[in-house]
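J.: this is a predicted model, with the sequence first.
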Amino acid sequence: MAPSSLTTSSWPHQELNQLPPDTIFFGHSEHMKALQSRIEKIAALDMPVLIEGESGTGKDILARMLHQRSPWMSGVFVKLRCSNIPESFDDFLESYAEAVKGIPRATLSSAHSGCHGTLFLDEISETSASLQAKLLRLLQEGRLCSVNLKRCKLNLRLICGTTCALESAAERGDFRRDLLYRINVLTLRVPPLRERTADIPDLTAHFLSFFSNAYAGEAKRPSQEMMHFLLNYSWPGNIRELENLLRRYVLFGCEEAVCQELLGRASEQNTKQLSSPGAVSLKELTKKAVRELEREAILKVLHANKWNRRRAACALNISYRALLYKLKDVGMAAAAPGKADWQAGVQQTR
């Protein structure tokens, strides 16, 4: 199997074979705190786990955290991308064995824990019908998670990741329901970044510190208006999108480019939503379009006036109170985040 099918992550720490700190990955939101509590409860259970979440939310990080909290944490962690598994049954078995045997010999110690580990099947929803049948057969025969090696018999706990709702896929006939029942014993859902915006300041501080060290530079502390843009963007690419944006910011140090890029992406998202097919309410469509246009106009004027709301209200030819109301109506904070918020985020990453 090609090396590219075995590892990679939406977090830069994987480049150094590290995991992000729990305080950064889980943050402060209720969704993530509940997820952290559930992980602690199931980490030691030798049962299949299904991790659901949008692309870029950190499903592979979560799989590794489960592995590191398990009794077999000193064993191997094998990640296979389902889209790269060959259709041939024999080729699959051969490539899977090579993936396991390709792990350094020191990792497969003679100790009991060294003969256990974790198998992470990434994007299980991308498997074809024929490969789903083969995976089901392997699971039923106990051959997928048990590999005979020269030094020992390697037993692996199965974790699957998916960006697709497998229950819906099963209802459409795109995913075998009997395979779903096999892999969906325990389920974890990783929320998208738009559902945990309170964690964005800490994530931003952490990524800037990480990339500043990685590139031997020092990133300029983001201004209040840049932080406001980061907090009000919807992040369809989730943490991976935030990470890549901040990587570019550390490399080039252009805050103006960051704000303009986020404005442009928000406008593109609105256009796609308005042009999507299907039955729509013209009244709701018009209301949403006006709301988004107002939001974009207010952001541009605030940006041009260095986030001074009174000057922005004059430029928009509305009262100061009307501007505050519109800021609230379009889902923007009445005041930009202060320096204390940013400094607190920086302190927590040290």
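T.: Now that the structure is in, tell me what you want to look at. Residues are numbered from 1 along each chain as shown.

J.: which residues in the protein form strands?
T.: 49-53, 76-81, 116-122, 146-148, 153-162, 186-190 (DSSP state E).

J.: now those in TSV, with distance to residue 178?
T.: Yep, even glycine has a C-beta here, placed from its N, CA and C like the rest. What follows is these, written out as TSV (distance: least, C-beta to C-beta, whole Å):
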stretch	distance to residue 178
strand 49-53	14
strand 76-81	21
strand 116-122	16
strand 146-148	20
strand 153-162	14
strand 186-190	17
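
J.: residues of stretch 252-260 that come out buried?
T.: 255, 258, 259 (16 or more other C-beta atoms under 10 Å).

J.: with stretch 77-85 instead?
T.: 77, 78, 79, 80, 81, 82, 85.

J.: please apply the same query to stretch 45-58.
T.: Buried residues in stretch 45-58 (16+ other C-beta under 10 Å): 48, 49, 50, 51, 52, 53, 54, 56, 57, 58.

J.: and which of the residues you listed is nearest to residue 36?
T.: Checking those against residue 36 with C-beta to C-beta, the nearest one is residue 58 at 12.4 Å.

J.: test my guess that the closest one contacts residue 203.
T.: No. Using C-beta atoms under 8 Å, residue 58 is not in contact with residue 203, being 10.7 Å away.

J.: show me the common contact partners of these two, please.
T.: Taking C-beta atoms under 8 Å, 6 or more residues apart in numbering as the criterion, residue 58 and residue 203 both touch residue 239.

J.: quick revisit: turn the buried residues of stretch 45-58 into JSON lines, columns for distance to residue 184.
T.: As requested, the buried residues of stretch 45-58 are arranged in JSON lines below (distance: C-beta to C-beta, whole Å):
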{"residue": "48", "distance to residue 184": "7"}
{"residue": "49", "distance to residue 184": "9"}
{"residue": "50", "distance to residue 184": "5"}
{"residue": "51", "distance to residue 184": "11"}
{"residue": "52", "distance to residue 184": "9"}
{"residue": "53", "distance to residue 184": "14"}
{"residue": "54", "distance to residue 184": "18"}
{"residue": "56", "distance to residue 184": "22"}
{"residue": "57", "distance to residue 184": "18"}
{"residue": "58", "distance to residue 184": "20"}
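
J.: before we move on, back to that, among the buried residues of stretch 252-260, name the ones in helices.
T.: Those of the buried residues of stretch 252-260 mapping onto helices are 255, 258, 259, per DSSP state H.

J.: nearest residue to the residue nearest the centre of the chain other than its sequence neighbours?
T.: Nearest to the geometric centre of the chain sits residue 57, at 1.0 Å (C-alpha atoms, centre = their mean). Nearest residue to residue 57 in three dimensions, chain neighbours excluded: residue 190, at 4.2 Å (C-beta to C-beta, 6 or more residues apart in numbering).

J.: mind pulling up the pLDDT for the one you found?
T.: For residue 190, the pLDDT comes out at 95.

J.: over to residue 302?
T.: The model's pLDDT for residue 302 equals 82.

J.: equivalent analysis for the one 10 residues further on, please.
T.: Residue 312 carries a pLDDT value of 89.

J.: quick one on the thing from earlier: of the ones in helices among the buried residues of stretch 252-260, which one scores lowest on pLDDT?
T.: Among these, residue 259 carries the lowest pLDDT, at 77.

J.: and for the closest residue to that one other than its chain neighbours, the neighbour number?
T.: The shortest distance from residue 259 to any non-neighbouring residue, by C-beta to C-beta, 6+ apart, is to residue 229 (5.0 Å). The number of residues packed around residue 229, counting by other C-beta atoms under 10 Å, is 22.

J.: need the contact list for residue 229.
T.: Residues in contact with residue 229 (C-beta under 8 Å, 6+ apart) are 258, 259, 262, 263, 299.

J.: got it, and residue 310?
T.: Applying C-beta under 8 Å, 6+ apart, we find residue 310 in contact with residue 320.

J.: ok, now how distant is it from residue 299?
T.: Using C-beta to C-beta, to the nearest Å, residue 310 is found at 16 Å from residue 299.

J.: the helices in the stretch 1-150 of the chain, which residues?
T.: 22-25, 30-42, 59-68, 89-101, 129-141 (DSSP state H, counting those that start in this stretch).

J.: sorry, back to before: okay, the buried residues of stretch 252-260 in CSV with distance to residue 156 next?
T.: Shown next, in CSV, are the buried residues of stretch 252-260 (distance: C-beta to C-beta, whole Å):
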residue, distance to residue 156
255, 46
258, 42
259, 46
